[in-house]
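Asker: Could you work out the structure for the sequence below:
(one chain, ligands or ions: 1)
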Amino acid sequence: MNRTAMRASQKDFENAMNQVKLLKKDPGNEVKLKLYALYKQATEGPCNMPKPGVFDLINKAKWDAWNTLGSLPKETARQNYVDLASSLSSSLESSSQVEPGTDRKSTGYETLMVTSEDGITKITLNRPAKKNAINVEMYHEIMRALKAASKDDSSITVLTGNGDYYSSGNDLTNFTDIPPGGVEEKAKNSAILLREFVGCFIDFPKPLIAMVNGPAVGISVTILGLFDAVYASDRATFHTPFSHLGQSPEGCSSYTFLKIMGPAKATEMLVFGKKLTAGEACAQGLVTEVFPDSTFQKEVWTRLKAFAKLPPNAMRISKEVIRNREKEKLHAVNAEECSVLQERWLSDECMNAVVNFLSRKSKL
Ligand SMILES: CCCCC/C=C/C(=O)SCCNC(=O)CCNC(=O)[C@H](O)C(C)(C)COP(=O)(O)OP(=O)(O)OC[C@H]1O[C@@H](n2cnc3c(N)ncnc32)[C@H](O)[C@@H]1OP(=O)(O)O
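Answerer: Next comes the predicted model:
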């Protein structure tokens, strides 16, 4: 077909936008910038935004991508958007089809390893090169894995990390993927995602145990207050640097941490970002027990295998008795924390912290 003769209709364009929303795999920042630029060119014409400041990295990248399209006609931009979306959905869909019998096929997860054995479902955060930072795909996969574990025939569920970190918390590049509705829409979508994610931990019906194999940051720490037991290697640290990041507590920690360690110690962690060693976290009640790193895996698995032999219904009902009267309160706290964060994510304090990390000017 002669491509220059093709003209994508408004309907084709809308279908292509839906196709992009439904992609199962992240196409990467470069492609997302192209899509953004073509969308803006197709709907508004040539770039009409003032050039953002040099430190406003995210908006600067978007401005550059749009501005590069010069005076490309709206119709051509619309056609190019449709072509790009269609090539993405075929290439990303086919690359997600793997040979039968491979690990990926057997687990169906991109960012996790999930195994079930000896009555224990083990969910391993598996982005070691990124210190197991939780990207949007991982949030969804953890929720999917928890829902599956709540229904499988295992008695207990374990969450741990692959590599030297347990998790470095929220993947800060999540903030760079801005939808057409802008940063407000991004903040709203993130608050919805976070609320659903934390809700899965509040409602998880079986004993849920964290094996904290190394440093833990941000949301990977706060949700520990919703686990039934937390075993830590003596290499682990616990760090919630929300003020440093212009953010505020989540994971119900504004409630659970106060109950667990009292307001003074909770404030040191949640407001002043004090990093705790595993020993300190244990002394304050956030961690159940600390093990030397050299024997951590062996000692904890021996214990977990013994737990998994206990009658599963008794364990489930005991958890219900212990936790159920708190559930309503926890959901209310979760909702409130998410709504405060939705505002925080739009603040200069938060945006500057993210830009500083992404431009490699800061680390925790
Ligand atoms: C949508 C729901 C939102 C829920 C709200 C959640 C809030 C939080 O979780 S707040 C906490 C956010 N986390 C951080 O601020 C941690 C940022 N990371 C760091 O400060 C450091 O990376 C480190 C201290 C965790 C580790 O430092 P280091 O040992 O020097 O290792 P690298 O920095 O070289 O990291 C290797 C590699 O991994 C990338 N990475 C690590 N953490 C994150 C992260 N949280 N987000 C995105 N990327 C992360 C890092 O950029 C390196 O990548 P490459 O340069 O590509 O190798």
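
Asker: List the residues that contact the residue of the chain found nearest the ligand.
Answerer: Of all residues in the chain, Gly218 sits closest to the ligand, at 2.2 Å by Cβ to the nearest ligand atom. Where you see a C-beta, it was placed from the backbone N, CA and C, and this is true even at glycine. Residues in contact with Gly218, defined by Cβ atoms under 8 Å, 6 or more residues apart in numbering, are Ser168, Gly169, Asn170, His239, Thr240, Pro241, Phe242, Leu245.

Asker: can you tell me which residues contact the first one?
Answerer: When contacts are counted by Cβ under 8 Å, 6+ apart, Ser168 touches Lys130, Lys131, Asn132, Ala133, Pro215, Val217, Gly218, Ser220.

Asker: hmm, 6 Å instead?
Answerer: Lys131, Ala133, Val217 (Cβ atoms under 6 Å, 6 or more residues apart in numbering).

Asker: Which residues of the stretch 151-300 of the chain lie near the ligand?
Answerer: 168-174, 190, 193-194, 217-219, 245, 247, 250 (Cβ under 6 Å from any ligand atom).

Asker: Filter the residues you listed down to just the ones in strands.
Answerer: Val217 (DSSP state E).

Asker: Which of the residues of the stretch 151-300 of the chain next to the ligand sits closest to Arg144?
Answerer: Leu193 (13.1 Å; Cβ to Cβ).

Asker: Once you drop chain neighbours, what's closest to that closest one?
Answerer: Tyr139 (5.7 Å; Cβ to Cβ, 6 or more residues apart in numbering).

Asker: Can you pull the poorly scored residue ranges out of the stretch 1-150 of the chain?
Answerer: Flagging of the stretch 1-150 of the chain using pLDDT under 70 yields the residue ranges 1-6, 54-55, 90-107.

Asker: again, only using 90
Answerer: Low-confidence segments of the stretch 1-150 of the chain (pLDDT under 90): 1-34, 49, 51-62, 64-65, 68, 76, 80-81, 83-107.

Asker: any idea where the strands of it begin and end?
Answerer: For the stretch 1-150 of the chain, applying DSSP state E, counting those that start in this stretch gives strands covering 112-117, 120-125.

Asker: Please work out which of these is packed deepest.
Answerer: Greatest average neighbour count among the strands of the stretch 1-150 of the chain goes to strand 120-125 (a mean of 23), per mean count of other Cβ atoms under 10 Å.

Asker: got the contact list for that one?
Answerer: Against strand 120-125 from outside (Cβ under 6 Å, 6+ apart): 112-115, 132, 145, 149, 152, 154, 156-162, 167, 304, 308.

Asker: how far off strand 112-117 does that strand point, in degrees?
Answerer: 170 degrees (axes from the mean of the first three to the mean of the last three Cα atoms, to 10 degrees).

Asker: wait, does strand 120-125 make contact with the ligand?
Answerer: No: residues of strand 120-125 contacting the ligand under Cβ under 6 Å from any ligand atom: none, with a closest distance of 11.9 Å.

Asker: what lines up beside that strand in the sheet?
Answerer: strand 112-117 (antiparallel), strand 156-161 (parallel) (DSSP bridges).

Asker: re earlier: can you tell me which of the contacts of Gly218 is nearest Ala77?
Answerer: Of these, the one sitting nearest to Ala77 (Cβ to Cβ) turns out to be Asn170, at 33.0 Å.

Asker: Now do the same contact list for the closest one.
Answerer: Contacts for Asn170 (Cβ under 6 Å, 6+ apart) come out as Ile134, Gly218, Ile219.

Asker: burial measure for Asp234, as a count.
Answerer: 14 (other Cβ atoms under 10 Å).

Asker: now the one 10 residues further on
Answerer: Neighbourhood size, His244 [other Cβ under 10 Å]: 15.

Asker: Quick check: chain neighbours aside, which residue is closest to it?
Answerer: Gly273 (5.2 Å).

Asker: can you list the domains in this protein?
Answerer: 10-91, 112-363 (the TED database).

Asker: Tell me which of those domains sits most buried.
Answerer: Ranked by mean neighbour count, these are led by domain 112-363 with a mean of 18 (mean count of other Cβ under 10 Å).

Asker: Quick check: end-to-end length of that one?
Answerer: 25 Å (Cα to Cα, to the nearest Å).

Asker: now it: how far from the chain's centre is it?
Answerer: Centre-to-centre, domain 112-363 and its host chain are 10 Å apart (Cα atoms, centre = their mean, to the nearest Å).

Asker: quick one on the thing from earlier: does the residue nearest to Leu193 touch Val198 like I think?
Answerer: No: with contact defined as Cβ atoms under 6 Å, Tyr139 does not count as touching Val198 (10.1 Å).

Asker: And the strands in the stretch 251-364 of the chain?
Answerer: Under DSSP E, counting those that start in this stretch, the stretch 251-364 of the chain gives strands at 276-277, 289-291.

Asker: Mean pLDDT for those strands - can I get that in JSON lines?
Answerer: What follows is the strands of the stretch 251-364 of the chain, written out as JSON lines (pLDDT from 0 to 100):
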{"stretch": "strand 276-277", "mean pLDDT": "98"}
{"stretch": "strand 289-291", "mean pLDDT": "98"}
